[in-house]
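>>> just the structure for this:
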Amino acid sequence: MAHPLLQARYERLRVSAQRKLGRATIPQWIIDNTKDPSDPTKPWSFKDHEYQIEILKSEAEYTSVIKAAQTGMSETSIRLTLALASLYQSSNFMYILPSLLFARRFATTRFDPVIEFSPQLSRELSKEVDSSELKRIANSFIYFAGAQTARQSISVPAKGLVMDELDFCSQTVLTSFYSRLGHNKEGQSIVTRFSTPTLPGYGIDKLHKTGTQGIYMVWHEKCGKWVSVDPLEDIFLPGWEEETLVNFSKRDLANPRLRIHESYVVCPGCKREITQANMVDPSKRAWVHHHPDKDHKTFYVSPLDVPAINTCPKILTGVENYERHADWINFGLGKAFQDAENSVVIQAVEKAAVTPAVTPHTGASVGAVMGSDVGKISHVLIGRRNGDYLDVLWAERVKQDGEDTLVSTWKERMDQFGVWRAVVDAGPDISSPKKLIAESAYHHAWACYFTRGQKKRLTDLEEDEATQIVNAARTKIIDRVVKRLNGGKIRFMADHPEMNLIKKHLQTMKRVTRVSDTTGESIEHWASTSTENHYFFALVYLVIADIMAEETVKYTVPISSSSIIRKARVGSNIRSIPG
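Just a heads-up that it's a prediction; the model follows:
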């Protein structure tokens, strides 16, 4: 065995040689310098995870990876970051997670053991700069950051970013991290993003679709062709009668007709079984990119890409570990998925487009409600309660022109449709809502602010009678709106030219998960995949107006016209006021 000093010198020379060769050497660097996470006495091996090698070798400035759970990508992302810090001299790298609390824990529980059991990294680690937020490896630094609030963005230039669980980060805050790359010349940044997916067209799924869209294909021995296998479409489950597994759920585990332990991968071409031996043979697996000429390298990592660990029966029985069906598809299968819980089902909206539009005119309606957003172009909806339904009667866009056209249009529509409760957006311009309130009958017009956070509330709406301001718990009220939409309880106009735009705006809102920086808990909230969401929020204000009007009806006391006593609602109480 070589003398320790000679061995150390050899390691430095070897690493120096790897630095000159760049990122193509990263897989070998990981093998040489890190250990097996389950047994630190053994060297790292890519056995059963061979798909990772090409991802690590990616020379693209931007690389994005959709990953299923239990595919080993977290361990790989740790080693990738350490390799970059060791191989690239005098550089800053940032490892970004959904929250700073999460990042600190990850640095301590996941990074520290890898460094501890690596002789090379242990030598390169600075004892003076070694915390849960900052580590110095050789002459480079690794910063650990959260992407929950803007103040967590670290104001230092960076050579590279590694973003983990991107879908659970604040997408707005992530943009501030990209600005840290501004000192790099074009093509010199290294940005690698990993995440389990959530919704189609959001986060990592949106990024994946802009890139090369790599799939880890299989050479099927029986038909002699390269095929791509999808866990939703190409796992054959004896006894299952549907074409895909999209509706397979934990309740199906108890179905005696389903022989889950006999499930296997079926070839999408010849429809014969792809054997387990065929699936696990790395010589019969290869990355193939749908758009290889694109600069942005993107990969989809399926549970079937780690077949030695994720057998078909294991994938299927894994549905039991998830409370929500969508979570199994997102995490267990690595597939973006939306349902009635996390998005507007546009088919339900189209099915509910059955009412005739009511053109504005004097006496067009009575007892209506109105909702409107506020902007350079404001979107207005008029509706009326009809039993269990809220019928949308009219929709229009109003351009603000400095002549109070918006306020005058609001007032005109309120008169024409007999609106007795209007709720409009309090921002960004509060002057128009205040003017509407001042010039409308008492309590007929309200301005709305959204509130966020985990504050416990007795109600989703908090009304200030004096100012006619209503504060709405954003997530809860949108939950109610989407539930009504998907349940067909909001009916739309069948013959109105704005309907296509309304449908487009309704589809932009998605219920996603973020991580609390204070508690580390997952928090559900609604995010928009586009800035074109105006009719959605006009509808939210319309529903708030409907809820407030309905609550008012509950407390209304019929009074004879000859009565000398008037009744007024104050808060939740009915008070007598002398006439």
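>>> report the mean per-residue pLDDT for stretch 430-446.
The pLDDT scores in stretch 430-446 average 95.
>>> just how off-centre is it within its chain?
Centroid separation for stretch 430-446 versus its chain: 36 Å, with CA atoms, centre = their mean, to the nearest Å.
>>> what about residue 126, distance to residue 80?
According to CB to CB, to the nearest Å, residue 126 and residue 80 sit 20 Å apart. In this view, the C-beta of every residue, glycine as well, is placed from N, C-alpha and C.
>>> next: residue 255.
Relative to residue 80, residue 255 is positioned 42 Å away (CB to CB).
>>> and those two? Which one has more around it.
A side-by-side neighbour count of residue 255 and residue 80, using other CB atoms under 10 Å, places residue 80 first with 28 against 12.
>>> and the nearest residue to the more buried one once chain neighbours are set aside, helix, strand or coil?
Excluding its sequence neighbours, the residue lying closest to residue 80 (CB to CB, 6 or more residues apart in numbering) is residue 56, at 6.0 Å. Counting by DSSP: H, G, I helix; E, B strand; the rest coil, the backbone at residue 56 sits in helix.
>>> give me the number of residues near residue 56?
Residue 56: 22 surrounding residues under other CB under 10 Å.
>>> surely residue 395 is in contact with residue 503?
No. Contact criterion CB atoms under 8 Å: residue 395 and residue 503 do not qualify, at 11.4 Å.
>>> of these two, who's got more company?
Per other CB under 10 Å, whichever of residue 395 and residue 503 has more neighbours is residue 395, with 23 against 16.
>>> ok, and the closest non-adjacent residue to residue 444?
Among residues not flanking residue 444 along the chain, residue 420 sits closest, at 5.7 Å (CB to CB, 6+ apart).
>>> and the helix or strand that that neighbour is a member of, what other elements does it pack with?
Element membership for residue 420 (DSSP states H and E) is strand 419-425. Packing contacts for strand 419-425, counted by 3 or more CB pairs under 8 Å, 6 or more residues apart in numbering; DSSP states H and E, involve strand 368-372, helix 405-417, helix 431-439, strand 445-451, helix 534-555.
>>> can you check what angle separates it from helix 431-439?
160 degrees (axes from the mean of the first three to the mean of the last three CA atoms, to 10 degrees).
>>> okay, angle between strand 419-425 and strand 368-372 too, please.
Using the same axes, to 10 degrees: strand 419-425 against strand 368-372 is 10 degrees.
>>> any low-confidence regions in the chain?
Residues of the chain meeting the criterion pLDDT under 70: 1-21, 150-153, 453-458, 514-522, 553-579.
>>> which segments of it make up each domain?
1-33+70-195, 346-555 (automatic domain parsing).
>>> please identify which of these is closest to residue 223.
domain 1-33+70-195 (26.3 Å; CB to CB).
>>> gap between the closest one and the chain center?
With CA atoms, centre = their mean, you get 25 Å for domain 1-33+70-195.
>>> so what's the residue count around the closest residue to residue 294 other than its chain neighbours?
The spatially closest residue to residue 294, leaving aside those adjacent along the chain, is residue 212, at 4.9 Å (CB to CB, 6+ apart). If you count neighbours by other CB under 10 Å, residue 212 ends up with 23.
>>> so residue 212 sits against residue 300, correct?
No. Counting by CB under 8 Å, residue 212 does not reach residue 300; the two are 10.6 Å apart.
>>> how about the helices and strands packed on strand 419-425 in JSON lines, adding mean neighbour count and distance to residue 482?
What follows is the helices and strands packed on strand 419-425, written out as JSON lines (neighbours: other CB atoms under 10 Å; distance: least, CB to CB, whole Å):
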{"stretch": "strand 368-372", "mean neighbour count": "28", "distance to residue 482": "15"}
{"stretch": "helix 405-417", "mean neighbour count": "19", "distance to residue 482": "25"}
{"stretch": "helix 431-439", "mean neighbour count": "17", "distance to residue 482": "25"}
{"stretch": "strand 445-451", "mean neighbour count": "21", "distance to residue 482": "15"}
{"stretch": "helix 534-555", "mean neighbour count": "21", "distance to residue 482": "9"}
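>>> hmm, back to that, contact partners for the residue nearest to residue 80?
Taking CB atoms under 8 Å, 6 or more residues apart in numbering as the contact definition, residue 56 lies against 23, 26, 27, 30, 76, 80.
>>> for the last one, give me phi and psi.
For residue 80, the backbone dihedrals (degrees, to the nearest 10) come out as phi -60, psi -50.
>>> can you tell me the SS state at residue 396?
Strictly by three-state DSSP, residue 396 counts as strand.
>>> residues in contact with the nearest residue to it once chain neighbours are set aside?
Nearest residue to residue 396 in three dimensions, chain neighbours excluded: residue 380, at 5.3 Å (CB to CB, 6+ apart). By CB under 8 Å, 6+ apart, the contact set of residue 380 is 370, 371, 372, 394, 395, 396, 397, 398, 409, 410, 413, 538.
>>> alright, that wraps it up for me.
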